[in-house]
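> got a sequence here, can you model it:
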Amino acid sequence: MSITKIKAPAFHITGEAGWINDPNGLIFFNGKYHVFYQHNPNDVKWGPMHWGHVVSEDLTNWEYLPIALTPGDDFDKNGCFSGTAIVHGGKLWIMYTGFIENSGGESIRQVQCLAESIDGVTFKKHGMVIGEKDLPEGYAPEDFRDPKVWLHDGVFYSIIAARKIGGRGRILLYKSKDLFKWEFVNDIFGKDSPGAMIECPDYNEDMGCLLFCEQFQPSENGIHLNIHTCRYCIGRIDYSTGRFNEESRGIVDYGFDVYAPQTFAGKPLLMGWLNMWDRNVPSEKYGFAGMLTAARRISVKDGRLYQEPIVSCGEAIVKEGPGGEVKDNALKGVVTVKASELESFSMKMRSNGESYTELTLKGGEWVFDRSRSGEAISGAEKDSDSQNGIRRMPYSGNKEITVTIVMDEFSIEIFEDGRSLTSTVYPPEGADALELTVKAAKWQYERRDVNIK
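A predicted model of the protein is given here:
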């Protein structure tokens with residue numbers, strides 16, 4: 001099937017055409033940031049997974065490289081699923097999940113495979129390095145995927161998503177001296193996840209942050225409403241026991257559309273899939289489906305994950321008080337509002353007539369509303385907020401606050417006090433009006449255009 005992309009976001013990663021989902025193998029190698037992603041180049045629907053590949057020097061302008069991994073060998077004949085990248089011996093190594101469908105159901109096999117590259121562009125496959133025989137007894141070989149690899153004290157470690165037979169999501173820890181021969185260490189939590197399956201685990205050892213996604217999990221009294229949600233856990237892996245010692249946890253993003261967040265190897269940088277399972281994707285008609293988030297710098301403070309966007313921008317256009325209103329035009333760029341002693345806040349974005357997306361401060365929380373944003377987006381969630389296009393994020397209540405909003409053709413990413421709320425939007429053509437109404441002791445509005453080369 002031949003796909004042509006006729007419209008695209010300005011600076012968020014998509015495939016050259018077709019479908020993308022999880023970011024994979026995020027790494028800095030040979031002077032550039034490399035981002036791989038799950039990709040079906042032949043359709044705007046999920047299908048046989050390839051590894052798409054882009055590089056950048058500034059985390060904003062991306063160059064397409066040839067597809068890095070294509071399914072078809074015995075160990076990945078039905079898909080090259082998600083995985084990781086690591087630099088070792090001057091080479092770029094990829095560990096990924098090979099998908100073997102067989103006749104479906106329990107006959108599916110997911111195995112961990114290895115590939116290497118000298119130039120970071122072309123890859124040589126080495127086949128399966130962790131298979132069914134390497135699973136501990138009682139774990140399902142049809143749900144065993146998404147390895148993340150790092151080096152600790154001269155030993156390679158990998159966490160891999162798994163599921164107990166008849167049970168729910170788990171994360172398994174393996175170790176190796178050479179990336180080829182692996183030994184099972186332990187189940188890092190030793191108990192079932194609330195979600196039916198865990199996916200895309202990621203461990204940033206420097207900051208003691210574990211990320212993972214849970215599919216089909218309970219909403220926990222409205223803390224999160226997406227039926228597929230991304231968590232972070234702050235803590236450390238105890239290498240002597242193979243267990244994760246958890247200190248605190250939270251959700252990665254409060255919006256509709258973040259999944260599979262991954263960190264760059266050895267760097268405090270994160271990207272995720274800017275979309276969600278079990279949703280319609282209106283951009284299919286433009287020849288692409290799925291994007292990745294803007295890069296985010298992350299840190300851990302007082303047991304909580306903090307995120308701030310990284311976008312290469314030009315000089316700021318500034319407006320400030322004493323009046324409490326701003327009217328502007330912004331379709332692609334970064335808007336920042338700084339306020340002291342904030343009392344009220346309302347911003348309509350991507351507005352055109354009766355169509356707009358709104359962010360307001362109500363009842364001590366940020367309320368995001370895309371019910372009038374344009375083309376309808378619906379998912380599997382049945383709660384009233386989801387049905388009405390609403391997502392909520394805690395408000396810091398700090399005396400001095402900064403709200404940062406990253407806008408592109410089909411997405412809005414909102415940040416305040418390290419929290420994020422990310423969602424897709426599909427406004428009508430030319431919807432770029434912005435209207436801010438704010439009441440505060442002091443405030444300042446800034447808009448920056450993105451430096452697109």
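> ranges for the strands of the stretch 151-300 of the chain?
Shown for the stretch 151-300 of the chain, the strands assigned by DSSP state E, counting those that start in this stretch span residues 155-164, 169-176, 182-187, 197-204, 209-215, 228-238, 243-251, 259-263, 269-273, 288-289, 296-301.
> partners of the fourth one in the sheet?
Sheet pairing for strand 197-204, assigned by DSSP bridges, gives strand 209-215 (antiparallel).
> tell me the secondary structure at the closest residue in space to residue 83 that isn't next to it in sequence.
In space, and not counting its chain neighbours, residue 83 is closest to residue 96: 3.1 Å by C-beta to C-beta, 6 or more residues apart in numbering. Every residue, glycine included, has its C-beta placed from N, CA and C. Going by DSSP: H, G, I helix; E, B strand; the rest coil, the secondary structure assigned to residue 96 is strand.
> tally of neighbours for residue 96?
Using other C-beta atoms under 10 Å as the criterion, residue 96 is surrounded by 30 other residues.
> dump the residue contacts of it.
Contacts of residue 96 were listed using C-beta atoms under 8 Å, 6 or more residues apart in numbering, and they are 24-25, 51, 69, 76, 80-84, 112-113, 115, 147.
> and if you look at residue 151?
Counting by C-beta under 8 Å, 6+ apart, residue 151 touches 86, 88, 157.
> for residue 86, same thing?
Contacts of residue 86 by C-beta under 8 Å, 6+ apart are 27, 92-93, 95, 149-151, 156, 179, 265.
> ok, now with 6 Å
The contact partners of residue 86, taken as C-beta atoms under 6 Å, 6 or more residues apart in numbering, are 93, 149, 265.
> picking up where we left off before, from the contacts of residue 151, which is closest to residue 175?
When the contacts of residue 151 are compared for distance to residue 175, the smallest value, 5.2 Å, is given by residue 157; criterion: C-beta to C-beta.
> is the closest one in contact with residue 177, as I believe?
No. Applying C-beta atoms under 6 Å as the test, residue 157 and residue 177 come out as separate, 11.0 Å apart.
> so how far is residue 364 from residue 136?
46 Å (C-beta to C-beta, to the nearest Å).
> these two - which one has more neighbours?
Comparing residue 136 with residue 364 by neighbour count (other C-beta under 10 Å), the higher total belongs to residue 136, at 13 against 8.
> look up the closest residue to residue 114, ignoring the ones flanking it.
Excluding the flanking residues, the one nearest residue 114 by C-beta to C-beta, 6+ apart is residue 126, at 4.4 Å.
> sorry, wrong one. I was asking about residue 440.
Beyond its immediate neighbours in the sequence, the residue positioned closest to residue 440 (C-beta to C-beta, 6+ apart) is residue 339, lying 4.0 Å away.
> tell me the SS of that neighbour?
Assigned by three-state DSSP, the conformation of residue 339 is strand.
> show me the beta-bridge partners of it.
According to DSSP bridges, the partner residues bridging residue 339 are residue 401, residue 443.
> go through the contacts of residue 86 and name the one nearest residue 217.
Top of the list for closeness to residue 217, among these and by C-beta to C-beta, is residue 149 at 26.0 Å.
> the closest one bridge partners, please.
According to DSSP bridges, the partner residues bridging residue 149 are residue 158.
> and it, how far from residue 431?
To residue 431, residue 149 is 43 Å away according to C-beta to C-beta.
> neighbour count: those two, which is higher?
More neighbours sit around residue 149 than around the other of residue 149 and residue 431, counting by other C-beta under 10 Å; the figures are 25 against 19.
> which residues touch the more buried one?
By C-beta under 6 Å, 6+ apart, the contact set of residue 149 is 84, 86, 95, 156, 158.
> try 10 Å
When contacts are counted by C-beta atoms under 10 Å, 6 or more residues apart in numbering, residue 149 touches 25, 83-86, 88, 93-95, 112, 114, 156-160, 174, 176, 179, 203, 265.
> could I get the contacts of residue 151 in a markdown table, plus columns for distance to residue 291?
What follows is the contacts of residue 151, written out as a markdown table (distance: C-beta to C-beta, whole Å):
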| residue | distance to residue 291 |
| --- | --- |
| 86 | 25 |
| 88 | 30 |
| 157 | 31 |
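> please export the C-alpha coordinates of stretch 212-224 as PDB.
Output for stretch 212-224, consisting of C-alpha atoms alone and laid out as PDB, is shown next (Å, rounded to 0.1, in the frame of the first residue of the first chain):
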ATOM      1  CA  PHE A 212       6.100   2.000  32.800                       C
ATOM      2  CA  CYS A 213       2.600   1.800  31.200                       C
ATOM      3  CA  GLU A 214      -0.300  -0.200  32.500                       C
ATOM      4  CA  GLN A 215      -3.100  -1.300  30.200                       C
ATOM      5  CA  PHE A 216      -6.700  -1.600  31.300                       C
ATOM      6  CA  GLN A 217      -6.200  -0.400  34.800                       C
ATOM      7  CA  PRO A 218      -8.800   1.000  37.300                       C
ATOM      8  CA  SER A 219      -9.000   4.800  37.500                       C
ATOM      9  CA  GLU A 220      -8.200   4.900  41.300                       C
ATOM     10  CA  ASN A 221     -10.900   7.400  42.200                       C
ATOM     11  CA  GLY A 222     -10.300   9.600  39.200                       C
ATOM     12  CA  ILE A 223      -6.500  10.100  39.700                       C
ATOM     13  CA  HIS A 224      -6.200   9.000  36.100                       C
END
